[in-house]
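A.B. asks: Here is a sequence together with a model predicted from it:
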Amino acid sequence: MKDLWYLILIFSILTFAAGCTIAPVDVPPPPTTPLPEETPVTTRPVASSDLPDFDYANVPVISPDETDWMTTNASYIARLALRDEAARAMYLGGGTVEGVLLSCHPTPFPSTGDGCAPALRIANETVVVDFLVDETEGRVITTVTEIREGL
(Lines give C-alpha, C1' and ligand atoms only; values in the text may rest on other atoms or scores of the structure.)
Protein backbone atom coordinates (compact mmCIF):
# COMPACT_ATOMS: atom_id res chain seq x y z
CA MET A 1 0.00 0.00 0.00
CA LYS A 2 2.92 2.25 0.72
CA ASP A 3 4.17 1.69 -2.84
CA LEU A 4 0.79 2.75 -4.18
CA TRP A 5 1.07 6.14 -2.43
CA TYR A 6 4.50 6.63 -3.96
CA LEU A 7 3.16 5.78 -7.37
CA ILE A 8 0.23 8.19 -6.94
CA LEU A 9 2.60 10.89 -5.67
CA ILE A 10 4.99 10.41 -8.59
CA PHE A 11 2.07 10.28 -11.04
CA SER A 12 0.63 13.50 -9.54
CA ILE A 13 3.96 15.29 -9.75
CA LEU A 14 4.42 14.22 -13.37
CA THR A 15 0.87 15.26 -14.24
CA PHE A 16 1.33 18.60 -12.49
CA ALA A 17 4.69 19.15 -14.21
CA ALA A 18 3.21 18.27 -17.59
CA GLY A 19 0.44 20.80 -17.06
CA CYS A 20 2.88 23.50 -16.02
CA THR A 21 5.03 23.40 -19.11
CA ILE A 22 5.46 26.83 -20.58
CA ALA A 23 3.76 27.05 -23.91
CA PRO A 24 5.14 29.63 -26.30
CA VAL A 25 3.12 32.80 -26.24
CA ASP A 26 2.68 34.88 -29.35
CA VAL A 27 5.22 37.49 -28.40
CA PRO A 28 6.50 39.57 -31.26
CA PRO A 29 10.23 39.29 -31.78
CA PRO A 30 12.27 42.19 -30.48
CA PRO A 31 12.80 44.93 -33.01
CA THR A 32 15.98 44.42 -34.93
CA THR A 33 18.19 47.22 -36.01
CA PRO A 34 18.96 46.83 -39.68
CA LEU A 35 22.60 46.20 -40.39
CA PRO A 36 24.29 49.13 -42.01
CA GLU A 37 24.86 48.60 -45.68
CA GLU A 38 28.44 48.48 -46.75
CA THR A 39 29.39 51.68 -48.45
CA PRO A 40 32.21 51.93 -50.90
CA VAL A 41 35.42 53.47 -49.76
CA THR A 42 34.97 56.24 -52.27
CA THR A 43 34.17 59.41 -50.39
CA ARG A 44 33.19 61.37 -53.46
CA PRO A 45 30.23 60.53 -55.71
CA VAL A 46 31.26 58.66 -58.83
CA ALA A 47 29.54 58.26 -62.18
CA SER A 48 29.87 54.86 -63.75
CA SER A 49 30.50 55.68 -67.38
CA ASP A 50 32.81 57.75 -69.51
CA LEU A 51 31.68 60.85 -71.34
CA PRO A 52 31.11 59.69 -74.90
CA ASP A 53 31.96 63.04 -76.50
CA PHE A 54 35.20 63.66 -74.59
CA ASP A 55 38.52 62.99 -76.34
CA TYR A 56 40.43 61.17 -73.58
CA ALA A 57 43.31 60.26 -75.91
CA ASN A 58 44.37 63.86 -76.50
CA VAL A 59 44.34 65.33 -72.98
CA PRO A 60 47.48 67.47 -72.76
CA VAL A 61 50.03 67.25 -69.96
CA ILE A 62 50.53 70.83 -68.75
CA SER A 63 53.17 70.26 -66.06
CA PRO A 64 56.66 71.19 -67.20
CA ASP A 65 59.48 68.72 -67.74
CA GLU A 66 59.20 65.00 -67.01
CA THR A 67 56.05 63.04 -66.26
CA ASP A 68 57.59 60.64 -63.73
CA TRP A 69 54.94 61.81 -61.22
CA MET A 70 52.35 59.80 -63.19
CA THR A 71 52.23 56.03 -62.86
CA THR A 72 49.73 55.73 -65.72
CA ASN A 73 48.99 58.38 -68.37
CA ALA A 74 47.03 61.58 -68.91
CA SER A 75 44.11 59.76 -70.53
CA TYR A 76 43.64 57.51 -67.50
CA ILE A 77 43.84 60.45 -65.08
CA ALA A 78 41.23 62.37 -67.11
CA ARG A 79 38.98 59.29 -67.21
CA LEU A 80 39.17 58.90 -63.40
CA ALA A 81 38.60 62.59 -62.74
CA LEU A 82 35.62 62.87 -65.09
CA ARG A 83 33.90 59.99 -63.31
CA ASP A 84 33.74 62.24 -60.24
CA GLU A 85 30.33 63.94 -60.15
CA ALA A 86 31.72 67.41 -59.34
CA ALA A 87 34.26 67.28 -62.18
CA ARG A 88 31.66 65.91 -64.55
CA ALA A 89 29.17 68.64 -63.61
CA MET A 90 31.79 71.35 -64.00
CA TYR A 91 32.80 70.07 -67.44
CA LEU A 92 29.21 69.55 -68.64
CA GLY A 93 28.32 73.00 -67.26
CA GLY A 94 30.67 74.65 -69.72
CA GLY A 95 34.04 74.09 -68.05
CA THR A 96 37.13 73.64 -70.18
CA VAL A 97 39.62 70.86 -69.55
CA GLU A 98 43.03 72.53 -69.57
CA GLY A 99 44.99 69.29 -69.06
CA VAL A 100 46.72 67.03 -66.57
CA LEU A 101 49.35 68.32 -64.16
CA LEU A 102 51.09 67.59 -60.88
CA SER A 103 49.02 69.53 -58.34
CA CYS A 104 50.09 70.11 -54.75
CA HIS A 105 48.00 71.25 -51.83
CA PRO A 106 48.84 72.00 -48.20
CA THR A 107 48.39 69.07 -45.88
CA PRO A 108 46.67 69.48 -42.51
CA PHE A 109 48.61 69.76 -39.25
CA PRO A 110 50.60 67.78 -37.99
CA SER A 111 51.66 66.64 -41.48
CA THR A 112 54.54 68.46 -43.06
CA GLY A 113 55.05 69.38 -46.67
CA ASP A 114 52.65 69.39 -49.54
CA GLY A 115 50.35 66.64 -50.71
CA CYS A 116 50.94 66.20 -54.41
CA ALA A 117 49.09 64.06 -56.93
CA PRO A 118 48.29 63.97 -60.63
CA ALA A 119 45.24 66.09 -61.35
CA LEU A 120 42.87 67.07 -64.12
CA ARG A 121 42.49 70.86 -64.31
CA ILE A 122 39.08 72.18 -65.33
CA ALA A 123 38.41 75.91 -65.62
CA ASN A 124 35.35 78.06 -66.13
CA GLU A 125 34.76 81.80 -65.99
CA THR A 126 34.93 81.96 -62.16
CA VAL A 127 37.25 79.20 -60.89
CA VAL A 128 40.02 76.81 -61.81
CA VAL A 129 39.74 73.42 -60.10
CA ASP A 130 42.37 70.69 -59.95
CA PHE A 131 40.77 67.28 -59.35
CA LEU A 132 43.57 65.31 -57.70
CA VAL A 133 43.49 61.59 -58.50
CA ASP A 134 44.83 58.54 -56.70
CA GLU A 135 45.81 56.37 -59.65
CA THR A 136 46.07 53.22 -57.53
CA GLU A 137 42.63 53.55 -55.92
CA GLY A 138 41.10 54.88 -59.14
CA ARG A 139 39.31 57.88 -57.67
CA VAL A 140 39.45 61.62 -57.02
CA ILE A 141 40.91 62.19 -53.57
CA THR A 142 40.60 65.95 -53.20
CA THR A 143 40.35 69.20 -55.11
CA VAL A 144 42.34 72.42 -55.19
CA THR A 145 40.28 75.45 -56.18
CA GLU A 146 41.62 78.79 -57.35
CA ILE A 147 39.30 81.76 -57.82
CA ARG A 148 39.90 83.66 -61.04
CA GLU A 149 41.19 87.20 -60.69
CA GLY A 150 38.91 90.14 -61.33
CA LEU A 151 35.81 88.77 -59.57
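C.D. replies: Ah, there it is.
A.B. asks: Once you drop chain neighbours, what's closest to residue 146?
C.D. replies: Using Cβ to Cβ, 6 or more residues apart in numbering and skipping the chain neighbours, the partner closest in space to residue 146 is residue 128 (4.6 Å). Using the backbone N, CA and C atoms, a C-beta is placed for each residue, glycine as well.
A.B. asks: Equivalent analysis for residue 80, please.
C.D. replies: Nearest non-adjacent residue to residue 80, counting by Cβ to Cβ, 6+ apart: residue 133, 4.7 Å away.
A.B. asks: How many residues are close by the residue nearest to residue 146?
C.D. replies: Close neighbours of residue 128, defined as other Cβ atoms under 10 Å, add up to 16.
A.B. asks: and what of the one 10 residues further on?
C.D. replies: Around residue 138 sit 14 other residues, with neighbours defined as other Cβ under 10 Å.
A.B. asks: quick one: low-confidence parts of this structure?
C.D. replies: For the chain, applying pLDDT under 70 flags the ranges 1-7, 9, 11-12, 14-48, 106-114, 150-151.
A.B. asks: ok, the residue nearest to residue 80 to residue 82 distance?
C.D. replies: 10 Å (Cβ to Cβ, to the nearest Å).
A.B. asks: and what of residue 117?
C.D. replies: According to Cβ to Cβ, residue 117 stands 16 Å off from residue 82.
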